[in-house]
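Enquirer: quick one: sequence and predicted model below, then my questions.
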Amino acid sequence: MDSFRTHLNKFITITDEEFRSIVSFFNVLEVKKKQNLMLEGEICRTMYFVVKGCLRKFFINEKGVEQTTEFAIENWWITDTFAYERQLQTNFSIQAVENSCILMIDQERQEELLQKHPVMERYFRMIYQRAYAAAERRIRYLYEMSREELYTHFSTLYPWFIQRIPQYLIASFLNLTPEYLSEIRAKLRS
C-alpha cells in the first residue's frame, strides 16, 4: 500500500493513522490477465484504483468489435463514472490487461470514507478534474489529428503504453485496425 500512500501524498496531507483508516475502506483484489471486473449490462457499483498492473475499459461496437476507450496503469482510477455515480447499468466492460493488484471501493463505502475523512473530497475532486481534462484533450486530438499523428503523439506522450500493451489494444484505443497500426509503425521505422 506504499504506492497508494505516495499517490495520495501528491494531492493531500494525511497522517499514518489517517492513512490506515482510509485504506480500511477499500478491498484489495488480485486479478489475472484478461479477467473481467465489470461486464456491460451490470450495475456499476465499483471504482478501481490500480496498485500494480493495467486495466482497460471497452465496449462492443455495432460491428461486434471491441473498442477500448480507456486504460488505467499504476496510480490511475477506472470505472464507468456516469453509471457509478447513478448506480446504473454500465455500457462498458473493464478487464485486466496484465496480472494486476487493485483497490476497490463501492459508492456506499466511498460516501462513508468522505464523511470520515473530508480531505478525501479534495483528493477526488482533483482526480476528477485531471481525468476530465485528459478526456477533453483526447477528444480534441481525435478531431484534429490524422491517424498517424495520433499514434505518434500517443507513443511520444506514453511510451510505456507502447511497451506494455498489446498492439491490437493500442489500435482499438486509437480507433485503428491492427493492420493499419502495423502500417503506420512500419512507415515510422523506415
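Expert: Cool, the structure landed. Numbers count the residues shown, from 1 in each chain.

Enquirer: just give me the residue closest to the centre of the protein.
Expert: Residue closest to the average C-alpha location in the chain (C-alpha atoms, centre = their mean): A72, at 3.0 Å.

Enquirer: go ahead and confirm it touches C54.
Expert: Yes - if you go by C-beta atoms under 8 Å, A72 and C54 touch, sitting 6.9 Å apart. No exception for glycine: its C-beta is placed from N, CA and C like everyone else's.

Enquirer: circling back to that earlier point, for the residue nearest to the centre of the chain, give me its contacts.
Expert: Y48, V50, C54, L55, R56, K57, I78 (C-beta atoms under 8 Å, 6 or more residues apart in numbering).

Enquirer: want to throw those into CSV with distance to L181 and neighbour count?
Expert: Output for the contacts of A72, formatted as CSV (distance: C-beta to C-beta, whole Å; neighbours: other C-beta atoms under 10 Å):
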residue, distance to L181, neighbour count
Y48, 27, 24
V50, 24, 23
C54, 18, 23
L55, 21, 26
R56, 16, 22
K57, 19, 22
I78, 23, 24
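
Enquirer: so which of the residues you listed belong to strands?
Expert: Of these, the ones assigned to strands by DSSP state E are Y48, V50, C54, L55, R56, K57, I78.

Enquirer: the third one and S172, how far apart?
Expert: Distance check for C54 against S172: by C-beta to C-beta, to the nearest Å, it reads 14 Å.

Enquirer: hmm, E74 and R164 touching each other?
Expert: No - at 10.5 Å, R164 and E74 do not qualify as touching, with contact defined as C-beta under 8 Å.

Enquirer: any residues in contact with both of these two?
Expert: Joint contacts of R164 and E74 (C-beta under 8 Å, 6+ apart) do not exist.

Enquirer: may I ask which helix or strand of this protein has the lowest mean pLDDT?
Expert: When each helix and strand of the chain is scored by mean pLDDT, DSSP states H and E, helix 159-164 comes last, with a mean of 87.

Enquirer: now the helix or strand hosting A133: buried residues?
Expert: Taking DSSP states H and E as the definition, A133 sits inside helix 119-144. For helix 119-144, burial by neighbour count (16 or more other C-beta atoms under 10 Å) applies to M120, Y123, F124, I127.

Enquirer: could you do stretch 94-112 as well?
Expert: 94-98, 100-106, 109-110.

Enquirer: could I get that stretch in PDB with only the CA atoms?
Expert: Extracted C-alpha coordinates of stretch 94-112, given in PDB (Å, rounded to 0.1, in the frame of the first residue of the first chain):
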ATOM      1  CA  ILE A  94     -13.500  -3.400 -17.500                       C
ATOM      2  CA  GLN A  95     -10.800  -6.100 -18.000                       C
ATOM      3  CA  ALA A  96      -7.300  -6.700 -16.700                       C
ATOM      4  CA  VAL A  97      -4.600  -6.300 -19.500                       C
ATOM      5  CA  GLU A  98      -2.000  -7.700 -17.100                       C
ATOM      6  CA  ASN A  99      -2.000  -9.500 -13.800                       C
ATOM      7  CA  SER A 100      -3.000  -6.700 -11.500                       C
ATOM      8  CA  CYS A 101      -3.400  -5.700  -7.900                       C
ATOM      9  CA  ILE A 102      -6.200  -3.200  -7.400                       C
ATOM     10  CA  LEU A 103      -8.100  -1.400  -4.700                       C
ATOM     11  CA  MET A 104     -11.900  -1.400  -5.000                       C
ATOM     12  CA  ILE A 105     -14.400   0.800  -3.400                       C
ATOM     13  CA  ASP A 106     -18.200   1.000  -3.800                       C
ATOM     14  CA  GLN A 107     -20.300   4.100  -3.600                       C
ATOM     15  CA  GLU A 108     -21.600   3.400  -0.100                       C
ATOM     16  CA  ARG A 109     -18.100   2.900   1.300                       C
ATOM     17  CA  GLN A 110     -16.900   5.900  -0.600                       C
ATOM     18  CA  GLU A 111     -19.500   8.100   1.000                       C
ATOM     19  CA  GLU A 112     -18.500   6.700   4.400                       C
END
